[in-house]
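Asker: below are the sequence and a predicted model for it; my questions follow.
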Amino acid sequence: MEWETVIGLEIHAQLATKTKIFSGAATKFGAPANTQACAVDLGLPGVLPVLNKEAVFMAVKFGLGINANINRRNVFARKNYFYPDLPKGYQISQMELPIVGEGSLDIEVDNKIKTIGITRAHLEEDAGKSIHDIFENESAIDLNRAGIPLLEIVSEPDMRSSAEAVAYAKKIHALVQYLEICDGNMQEGSFRCDANISLRPVGQKEFGTRAEIKNINSFKFLEKAIEYEVERQAEVLENGGKVVQETRLYDSIKDETRSMRSKEEANDYRYFPDPDLLPLDLDEAIFELAKKDLPELPDVKKARFINDYGLTDYDASILINDIELANYFEQVVKVSKSDAKLCANWVIGDLLGLLKKEETTLKQTLINADELGLMISRISDNTISGKIAKDVFLAMASGEGNADKIIEKKGLKQITDSATIEKIIDEVISNNQKQLEQYRSGNEKLFGFFVGQVMKASQGKANPAEVNKLLKTKL
């Protein structure tokens, strides 16, 4: 039987507030265990939650960013369950009236645009963290994360492949960084997602039984987890079995999902309005402030890169996926005063290639945008050739200084003087009489041979355009 995959994602974006959503405790990552948990986070008797206004503002910005319906009145609810790292015995979240209602995002997969519906985005507090690898026979609890503000973004089950799910997750990831509401650091848990996956026979309208894969913290793992789960469910169904509704974990080492617990429904959590928090009524002022604070969003930036810089759709898509990379590229263009396509080639090809090879980030690289822009300007003004620039780039990455310093120190300036180049050409021709005769007898492919010999003799410093021009005359 042919199966259709149905995927919905729940993305948890940690909001970039300095303090927690219902207390004044700090949210800084990496603090010693249990040093950023106050009485409110611990659920001690007599304390009351106080809503963080900045978290509300960030949620409104997100709603505007996806053209969603934003509920002017929304309610916080208690989600009741028992777990060691949930000290109150309930999590403050939103259920019936979330802050952000229906919206949508467009994704592009295989050159096709698809609209993914967003059901809701609601504010909630994070739980603490259970740690199982410190003590031999006991688990430890770190409550620093308890009360961290989260925006849970729930999609419609509109995705039909792992490629679509990854494209959607990347689009949300870029958006929250553009909006400056989440740093998007997946290694630190600031951006993670749960994937709800089910199969149904092609043509059937009713959904199949779904399994939820929890806490996926990389796009690569998201793709692999979905692909494994699709194969697992298909095998179960084709062998006459039934898929169990459950929560599963993805094991990246074994590249498989495994059962964690039976999947809960909303009524299992016994949601009810939190009596300690009044309904949140949003006034017009917060909407006006949020609208003024909206940046140029990814799709708009992509269109501008294509129209203003003449970039291809592919190049523009890569650059705008990361706000830091997009800003870096624009600074390179500004400093170099060079062709934007040339700048894009260096940023996408050489710079990203270097970062991948060295397993580092844009913030950590020794080549800042101004320095790369300077180097590209030296290609444009014929100080160095594109080939020599590759060596200069690697020297910059090794910390040998900026382009001008490296060019001067290593004597890499391009030879543009016609008389000097002619002298080199004459020597090459003199040393390759056999090839000269073959060329003049009609073997024009040897022209490339002579170009190569001249460039070799000049140690790659002769101006290629001038070499081609003079060689044609000499030969």
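Answerer: Yep, that arrived. Numbering: from 1, shown residues only.
Asker: so who does residue 150 touch?
Answerer: Residues in contact with residue 150 (C-beta atoms under 8 Å, 6 or more residues apart in numbering) are 12-15, 21, 123-126. No exception for glycine: its C-beta is placed from N, CA and C like everyone else's.
Asker: could you rerun that using 10 Å?
Answerer: 11-15, 21, 55, 91, 93, 122-127, 182, 190, 192 (C-beta atoms under 10 Å, 6 or more residues apart in numbering).
Asker: among those residues, which ones are in strands?
Answerer: If you go by DSSP state E, the contacts of residue 150 have 11-14, 91, 93, 122-125, 192 in strands.
Asker: export those to TSV and tack on pLDDT?
Answerer: Shown next, in TSV, are the ones in strands among the contacts of residue 150 (pLDDT from 0 to 100):
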residue	pLDDT
11	98
12	98
13	98
14	98
91	96
93	97
122	98
123	98
124	98
125	97
192	96
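Asker: who wins on neighbours among the residues you listed?
Answerer: Counting neighbours by other C-beta atoms under 10 Å, residue 13 comes out on top of the ones in strands among the contacts of residue 150 with 28 neighbours.
Asker: hang on, that one packs against residue 151?
Answerer: Yes - at 4.8 Å, residue 13 counts as touching residue 151 under the criterion of C-beta atoms under 10 Å.
Asker: name the residues contacting each of the two.
Answerer: In terms of C-beta under 10 Å, 6+ apart, residue 13 and residue 151 are both contacted by the residues 58-59, 62, 121, 176, 181-182.
Asker: okay, those in TSV with distance to residue 339 next?
Answerer: Formatted as TSV, the shared contacts of residue 13 and residue 151 follow (distance: C-beta to C-beta, whole Å):
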residue	distance to residue 339
58	38
59	42
62	36
121	41
176	32
181	35
182	35
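Asker: using the record's assignment, carve this structure into domains.
Answerer: Domains of the chain are assigned by the TED database as 3-286, 296-410, 418-474.
Asker: how far does the first one sit from its chain's centre?
Answerer: Distance of domain 3-286 from the chain centroid (C-alpha atoms, centre = their mean, to the nearest Å) equals 17 Å.
Asker: and the second one, by the same measure?
Answerer: Computed by C-alpha atoms, centre = their mean, the separation of domain 296-410 from the middle of its chain amounts to 18 Å.
Asker: got the end-to-end distance for that domain?
Answerer: Terminal residues of domain 296-410 are spaced 42 Å apart (C-alpha to C-alpha, to the nearest Å).
Asker: ditto for the first one
Answerer: End-to-end distance for domain 3-286: 46 Å, by C-alpha to C-alpha.
Asker: likewise the shortest one?
Answerer: Taking C-alpha to C-alpha, domain 418-474 runs 12 Å from one end to the other.
Asker: what average pLDDT does it get?
Answerer: Summarised as a single mean, pLDDT over domain 418-474 is 82.
Asker: swap in the second one?
Answerer: On average, the pLDDT along domain 296-410 is 95.
Asker: ditto for stretch 256-273
Answerer: Stretch 256-273 comes out at a mean pLDDT of 82.
Asker: residues contacting residue 261?
Answerer: With C-beta under 10 Å, 6+ apart, residue 261 has these contacts: 214, 246-249.
Asker: now do 8 Å
Answerer: 246-247 are the contacts of residue 261 under C-beta under 8 Å, 6+ apart.
Asker: which element is it on?
Answerer: Using DSSP states H and E, residue 261 falls within strand 256-262.
Asker: check which helices and strands the helix or strand where residue 7 lies sits against.
Answerer: Per DSSP H and E, residue 7 falls inside strand 3-14. Helices and strands touching strand 3-14, by 3 or more C-beta pairs under 8 Å, 6 or more residues apart in numbering; DSSP states H and E, are strand 149-155, helix 162-178, strand 191-201, helix 219-238.
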